[in-house]
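Engineer: How does the following fold in three dimensions:
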Amino acid sequence: MIKIVTVAGNRPQFIKLAPVSAEIQKKFSQVIVHSGQHYDYNMSDIFFSQLDIRRPDYNLNVSEKSHAVQTAKILVEIEKILLAEKPELIIVFGDTNTTLAAALAAVKLHIPIAHIEAGPRMRDYCESPEEANRLMTDHISHLLFAPTKACADNLKNESVFGSVYFSGDTMYDTFVKMKNTFRSPEATEKFEKIKCFAEGDYVLMTLHRPLNVDDPRRLETIMKAVMDCGEKIIFPAHPRTREMMKRCRSYEKFSAHSNVTLIEPQGYIELGALQSRCKKIVTDSGGVAKEAYFNQKPCVTVYPMTPWPETFEAGCNTVLSNLSAASLAAAISRREISLDFTGNFFGNGKSASYIVKKIEKFIAARRK
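Structural biologist: Okay, the predicted model is just below:
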């Protein structure tokens, strides 16, 4: 039976993997590799159980903080797996160190690469390691599955050597399948336990990018804005974000503020429950910004640009190119009117099926 290796290592990748994995298992032998890039239970294991992804065949347990060490270790370990398993194709997702390392290992061994979520561009190569990862991976991949038409256009404009397809976004596939669980009795019970903020009466916030959390002054600015905005905030804090916040002068005041609820990272269903019940989402995550659009919630992107210009152009995503406490506080508290969520930017919820059919044709053509 034809063998395919899929590689993932963090929350967004598990969400992208889930529908693809289900489709692959119908037609191929699948080897799942978890790099261990996200090692916290609420950012890793819980996604496998909630999204019905079978247990990984390999877990590399690579969680080093250094980009160089992390990428190198994943590269070495993935090469060993590819030599042992001898797959006909490897699938990588998104833009992490896991993505690049797995793609490099495959291309050195002449194993074709399919890149899911290819083509987003923010042109911030110096500020964002993810942008460099995605750019290099796109240019060594054989099959490039773009989540939006704009992403497909980016790839065509760069004259990548691989075949480009507008597939839609597999994160949207997962959302379509799982959205009813956000209102299940179990999800509602967990929501009620988090805080007594009523549905529609709070803003959900996430923060993790180095630009925001590694610069103490910028992080202080963000915390000040949150305290000054006058809105109730629920903030599932990434472990590294919380660690960096504790080094800031304002942390004790921030964590004790009556309008701020700091909680642990959440599973897919738990975060979906919070997203579906909030009135606005504040984030620096490209994945969470998409989920804001899926849930028809206005978004504030705490980053100079967004990989999803469609959401900005539709007026659903405020992008803070120049951050100040006043500008962020104003963006958080602003009342949005008549937002347009009708754009079908991310596909029809059947991206995984389309992707696997294209992979099947690609492998069949190579075997002739």
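Engineer: how distant is the worst-scoring helix or strand of the chain on mean pLDDT from the center of its chain?
Structural biologist: Lowest mean confidence among the helices and strands of the chain (mean pLDDT, DSSP states H and E): helix 185-194, at a mean of 83. Here the centre of helix 185-194 is set off from its chain's centre by 24 Å, with C-alpha atoms, centre = their mean, to the nearest Å.
Engineer: and residue 7, how many residues sit next to it?
Structural biologist: Residues lying near residue 7 (other C-beta atoms under 10 Å) number 30. Placement of C-beta: from N, CA and C, glycine included.
Engineer: same thing with residue 237?
Structural biologist: Counted by other C-beta under 10 Å, the residues lying close to residue 237 total 20.
Engineer: From residue 280, how far out is it?
Structural biologist: Distance, residue 237 to residue 280, by C-beta to C-beta, to the nearest Å: 18 Å.
Engineer: quick one on the thing from earlier: for the least confident helix or strand of the chain, which residues meet the burial criterion?
Structural biologist: By neighbour count on 16 or more other C-beta atoms under 10 Å, the buried set for helix 185-194 is 187, 190, 191, 194.
Engineer: So, low pLDDT: which residues of this structure?
Structural biologist: Within the chain, the stretches with pLDDT under 70 are 38-44, 64, 125-127, 195-196.
Engineer: follow-up on the earlier one: so which of the buried residues of helix 185-194 is the closest to residue 290?
Structural biologist: The nearest member of the buried residues of helix 185-194 to residue 290, counting by C-beta to C-beta, is residue 187 at 20.0 Å.
Engineer: For the closest residue to the closest one other than its chain neighbours, give me its contacts.
Structural biologist: Distances taken as C-beta to C-beta, 6 or more residues apart in numbering put residue 273 closest to residue 187, at 4.1 Å, once the chain neighbours are dropped. With contact set as C-beta atoms under 8 Å, 6 or more residues apart in numbering, residue 273 has these partners: 182, 183, 187, 188, 190, 191.
Engineer: Please parse the protein into its domains.
Structural biologist: 3-169+347-367, 181-333 (automatic domain parsing).
Engineer: chain center to the first one, what's the gap?
Structural biologist: Going back to what we said before, that points to domain 3-169+347-367. Using C-alpha atoms, centre = their mean, the offset of domain 3-169+347-367 from its chain centre is 12 Å.
Engineer: re earlier: quick check: which of the domains of the chain is nearest to residue 340?
Structural biologist: domain 181-333 (5.1 Å).
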